[in-house]
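Trainee: need a structure here:
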Amino acid sequence: MSEYDYPTPPPMVEAIPSKVTNRTSAETDLRRADLGYYIAKCHFRSTCMSTILSIFDQAANHSRPELRQRRMNRILVYAGCFNPPHVAHQRLLEHALQCREDLNIIAAIVLPFDDKKVRSKYRRKKDIGVVFTKSQRAKLWQGDPRLHDFVWVYDRSMEEWYMFQGRLRRAVERDGFSLEFVSLFGSDGVRHGKPSARMSYGCKQMIISDAGRKAKFITEEGELLRLIRCDPWMTVSADKRHAIWRVIDRKASVDNALSFKGSSAKPEYYDDLFEETELDFIDKLEGVAICNRTDFPDEWICFIPAGVEGSESQREINSTRIRHIIKTYPIKQLHKRLEGKALSPRKLFEFVQDIRSLH
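Mentor: Numbers count the residues shown, from 1 in each chain. Just a heads-up that it's a prediction; the model follows:
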C-alpha cells in the first residue's frame, strides 16, 4: 500500500433535511467530512479518534472544521517568522477568520518559518536579538488560550509542508471534495504597491488585512489604491439570499459537531439564529474588496479592513519591540512586560530563562 492509500472511509454526515430548507433532496444531499480526519491521515499517518480531535481542540459550543461537496473549501495559510508570535499576529488571524463563511474558509494553518530562514533574515537586517527555534515558536502559538478553534499549527519543516500540502489535497479530492489554500498577509503583503509573489506557500489566492499594521496602499480617506499588475478593486456587496444560506450552513455545522460528540443542541439555541446571522453577515462584508491579477485572472486578492479591531495602540505591537524588551529588561520584570503583548507570555518567559541560563 502506498503512502496515499487510506482504506478507512472518512466520517460523513448528510446536510439538514430538505423539509427545513424547502429545497429538493438533490440540492441538499451534500456530503460533509471532518477536516481533522484528513490532516491526521496525511500528517500523523493515524486515524485514531484522539489524534483527530487533538488537531482542532474546539470548545464545546464550537463546530469542527468540515469539508463540503459542491463548493470550494479553502484553508488559510498564515506563514511568518513569528519570532516571537504576539497578539497582533493572533488578532490578524482572528479577524480574517471572522469572514471565513463568506469565502468558504473552513480552517487556518499557522506556518512558522524554518530556523535557518529566520536567522538569515535577521543577519541581513543586522538584528542580533534572540532567535527562538521553530519548535518554540510553534509552542507559543499552540499554548495560547486565545487561539481560534479552527486553527492548527504546523511545526515541521517548510520542505515537508509542501509534501504534506500535496498529500492533503489529493486525499481530499479523491473523496469528492474541492480544496484550495489561501495565503494570509498583513499589510506587508503589499510592498511599494506590488502584492506578494504568486503561489506563496503553495497558495494561488491571497487575503490581506490591515488589522495588525497600517497599510500604505490605503489613502487617508480610506480609498484602496490600485495594485501593480492587478485589476481595480471591486467592493463585495451583501446578498440576503447568501445570508439565508449562512443560517442553514451554520445550523448544519453545529448539529454535525454536536452529533460528532454524541449530543444535541437545545431548541431555544436556534431561536435568534437567523436574525443574528443576517446582521453579522452584512456587517462583516463592510469594506471588503477584491481584485484579480491582470496576468493571471483566475487568481484573486481579497482585502479585509481592520475596522474597529485595528486601533493604533494595537498596531504598535510587533516582534521587534518584544525582542527589545527581552534584551533590555531584567528577568524579574520580564514576565509583566510580556503580558498583553506576546502569545503564551508565561511560556515565552520560561524560554528566555533557559536561553539566559546558557550564557
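
Trainee: helices or strands up against whichever strand or helix holds residue 54?
Mentor: Applying DSSP states H and E as the criterion places residue 54 in helix 49-55. Identification of packing neighbours for helix 49-55 by 3 or more C-beta pairs under 8 Å, 6 or more residues apart in numbering; DSSP states H and E yields helix 35-39. All C-beta atoms are positioned from the backbone trio N, CA, C, and that covers glycine.

Trainee: List the contacts of the helix it packs on.
Mentor: 10-11, 47, 52-53, 55-56, 64-67, 73, 75, 106-107, 152, 168, 171-172 (C-beta atoms under 8 Å, 6 or more residues apart in numbering).

Trainee: 6 Å instead?
Mentor: 10, 52, 55-56, 65, 67, 107, 168, 171-172 (C-beta atoms under 6 Å, 6 or more residues apart in numbering).

Trainee: so of those, which ones are in helices?
Mentor: 52, 55, 168, 171-172 (DSSP state H).

Trainee: sorry, back to before: what is the mean pLDDT for the helix holding residue 54?
Mentor: Helix 49-55 shows a mean pLDDT of 88.

Trainee: do the same with stretch 216-223
Mentor: Mean predicted confidence for stretch 216-223 is 90.

Trainee: what's the answer for stretch 172-183, then?
Mentor: pLDDT averaged over stretch 172-183 gives 96.

Trainee: Pull up the distance across it, start to finish.
Mentor: Terminal residues of stretch 172-183 are spaced 19 Å apart (C-alpha to C-alpha, to the nearest Å).

Trainee: repeat for stretch 38-48
Mentor: 11 Å.

Trainee: Distance from the chain centre to it, please.
Mentor: Relative to its parent chain, stretch 38-48 has a centroid offset of 20 Å by C-alpha atoms, centre = their mean, to the nearest Å.

Trainee: Return the set of buried residues in it.
Mentor: For stretch 38-48, burial by neighbour count (16 or more other C-beta atoms under 10 Å) applies to 38-43, 47.

Trainee: out of those, what pair is the most spread apart?
Mentor: 43 and 47 (11.5 Å; C-beta to C-beta).

Trainee: quick one on the thing from earlier: give me the buried stretch members for the helix holding residue 54, please.
Mentor: Going by 16+ other C-beta under 10 Å, helix 49-55 has these buried residues: 51-53, 55.

Trainee: Nearest the middle, which residue of the chain would you pick?
Mentor: Central residue check for the chain by C-alpha atoms, centre = their mean: the C-alpha nearest the mean position is that of residue 108, 2.9 Å away.

Trainee: Name the helix or strand for the closest residue to that one other than its chain neighbours, please.
Mentor: Among residues not flanking residue 108 along the chain, residue 76 sits closest, at 3.8 Å (C-beta to C-beta, 6 or more residues apart in numbering). Using DSSP H and E, residue 76 maps to strand 72-80.

Trainee: residue ranges of the helices in the stretch 151-300 of the chain, please?
Mentor: Using DSSP state H, counting those that start in this stretch, the helices of the stretch 151-300 of the chain run over residues 158-174, 240-260, 273-284.

Trainee: OK, contacts around residue 105?
Mentor: When contacts are counted by C-beta under 6 Å, 6+ apart, residue 105 touches 74, 76.

Trainee: Could you report the pLDDT at the nearest residue to residue 88 once chain neighbours are set aside?
Mentor: Nearest non-adjacent residue to residue 88, counting by C-beta to C-beta, 6+ apart: residue 212, 4.2 Å away. Residue 212 is assigned 79 on the pLDDT scale.

Trainee: Kindly provide the distance from residue 212 to residue 344.
Mentor: Going from residue 212 to residue 344 by C-beta to C-beta, to the nearest Å gives 18 Å.

Trainee: what does residue 225 give?
Mentor: 37 Å.
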